[in-house]
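Participant: any chance you can model this:
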Amino acid sequence: MLNIALLGGISFSANGTIIRSDLGSAGRLLACYLFEFAGRKHRRERLADLFWGDIEPDKARSALNTAIWRIRKILELGAKGSASHLITMGDDVILEKSQSVRLDTHTLEIASRRILSGLQAGTLAEVDMQEISAAVDGYIGPFLDGFDGEWILQERERLHCLFVRSTFELMRAAAVQGHYEDALDYGRRILAIDPLRESVQRDVMLLLVLNGQRVEAIRAYQRLVTLLREELDIEPMPETTQLHQEIRSGELFSAIEGYAQAQFGSREAASSPLS
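Facilitator: Numbering: from 1, shown residues only. Next up, the predicted model:
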């Protein structure tokens, strides 16, 4: 099995052993590109220009051919015969999808589709939540962290949105079921990656209250105030300030169940995806 990790950096491993390839920086990015967009047809000319656009065309084509040969060697380390999945047909290059290759980005995407389809159907079993939770755990950082380029930034944003949306739905499902510790864990996962997402900050504050941690909810608000001032020189949104005031005054407790239902929805509402 060939394992490709593209979240938080780049790592290739085969059957538990890290692969130290001689692809070079451009070749490694080409490999990431082909693995991430497996099953798609790519023009040789575009690949050469995308990854070796700073050298002469003849040298770029030669570098592309060499990189393809080395990627085939990496594929073969995962499973015998896997090199044949990287196909070149005239001016086209295609890396076929294979059961012998596992990408953390694809695992996240599958988990995202699974949770949203499950919620639309109104069913999300405990085993589903555990397996999807394990998948979102694999989001340890941005896609190809430390690299840039238009295609990288676009994919990074798409995958980030998938992570946030999937983890939010896990948080909401856990909250509706009264599993506040689990819901807090999901909320904190989002904030660890995206601390300025103020709506989730409010969710975490409310979950702390529901979990009997009123003081920690107030501290969470204070940390948010400091963060917003230091990062953006702004104050929290009015909704956030109001929630904090209601927590401090105790006003929230007179209608805590209704507040929680409005924030997270009922079991029936939780079966609908985010708008």
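Participant: any idea which helix or strand carries the most centrally placed residue in the chain?
Facilitator: Nearest to the centroid of the C-alpha atoms of the chain, with distances taken as C-alpha atoms, centre = their mean, sits residue 163, at 3.6 Å. Using DSSP states H and E, residue 163 maps to helix 150-176.
Participant: now that helix: average pLDDT?
Facilitator: Helix 150-176 shows a mean pLDDT of 93.
Participant: how far away from the center of its chain is the helix or strand just after it?
Facilitator: Going down the chain from helix 150-176, the next helix or strand is helix 180-193, by DSSP H and E. On the basis of C-alpha atoms, centre = their mean, to the nearest Å, helix 180-193 sits 14 Å off its chain's mean C-alpha point.
Participant: mind giving me the packing neighbours of helix 180-193?
Facilitator: Packing partners of helix 180-193 (3 or more C-beta pairs under 8 Å, 6 or more residues apart in numbering; DSSP states H and E): helix 126-137, helix 150-176, helix 198-210. To be clear about C-beta, it is placed using only N, CA and C from the backbone, and glycine gets the same treatment.
Participant: out of those helices, which is closest to residue 93?
Facilitator: Residue 93 lies closest to helix 150-176 among the helices and strands packed on helix 180-193, at 15.2 Å (C-beta to C-beta).
Participant: leaving out chain neighbours, which residue sits closest to residue 214?
Facilitator: Closest residue to residue 214 apart from its sequence neighbours, by C-beta to C-beta, 6 or more residues apart in numbering: residue 247 at 6.3 Å.
Participant: burial count for the closest residue to residue 14 other than its chain neighbours?
Facilitator: Among residues not flanking residue 14 along the chain, residue 77 sits closest, at 3.9 Å (C-beta to C-beta, 6+ apart). Using other C-beta atoms under 10 Å, residue 77 has 18 other residues around it.
Participant: next: residue 106.
Facilitator: Residue 106: 17 neighbours (other C-beta under 10 Å).
Participant: give me the pLDDT value at it.
Facilitator: 95.
Participant: do you know how far it is from residue 155?
Facilitator: Distance from residue 106 to residue 155, counting by C-beta to C-beta, to the nearest Å: 12 Å.
Participant: same question, residue 202
Facilitator: Where residue 155 is concerned, residue 202 sits at a distance of 29 Å (C-beta to C-beta).
Participant: most packed of the helices and strands packed on helix 180-193?
Facilitator: Highest mean neighbour count of those: helix 198-210, a mean of 22 (counted as mean count of other C-beta atoms under 10 Å).
Participant: return the set of buried residues in stretch 227-245.
Facilitator: 227-228, 236, 240, 243-244 (16 or more other C-beta atoms under 10 Å).
Participant: need phi/psi at residue 92.
Facilitator: phi -110, psi 150 (degrees, to the nearest 10).
Participant: that older thread, just put the helices and strands packed on helix 180-193 in JSON lines and tack on distance to residue 86.
Facilitator: Shown next, in JSON lines, are these (distance: least, C-beta to C-beta, whole Å):
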{"stretch": "helix 126-137", "distance to residue 86": "26"}
{"stretch": "helix 150-176", "distance to residue 86": "19"}
{"stretch": "helix 198-210", "distance to residue 86": "41"}
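Participant: and these: which comes nearest residue 53?
Facilitator: helix 150-176 (12.3 Å).
Participant: gap between the closest one and the chain center?
Facilitator: That offset, for helix 150-176, works out to 5 Å (C-alpha atoms, centre = their mean).
Participant: tilt between that helix and helix 198-210?
Facilitator: Interaxial angle, helix 150-176 versus helix 198-210 (axes from the mean of the first three to the mean of the last three C-alpha atoms, to 10 degrees): 20 degrees.
Participant: now residue 47: which helix or strand?
Facilitator: helix 44-52.
Participant: could you check which helix or strand contains the residue nearest to residue 214?
Facilitator: Using DSSP H and E, residue 247 sits within helix 238-249.
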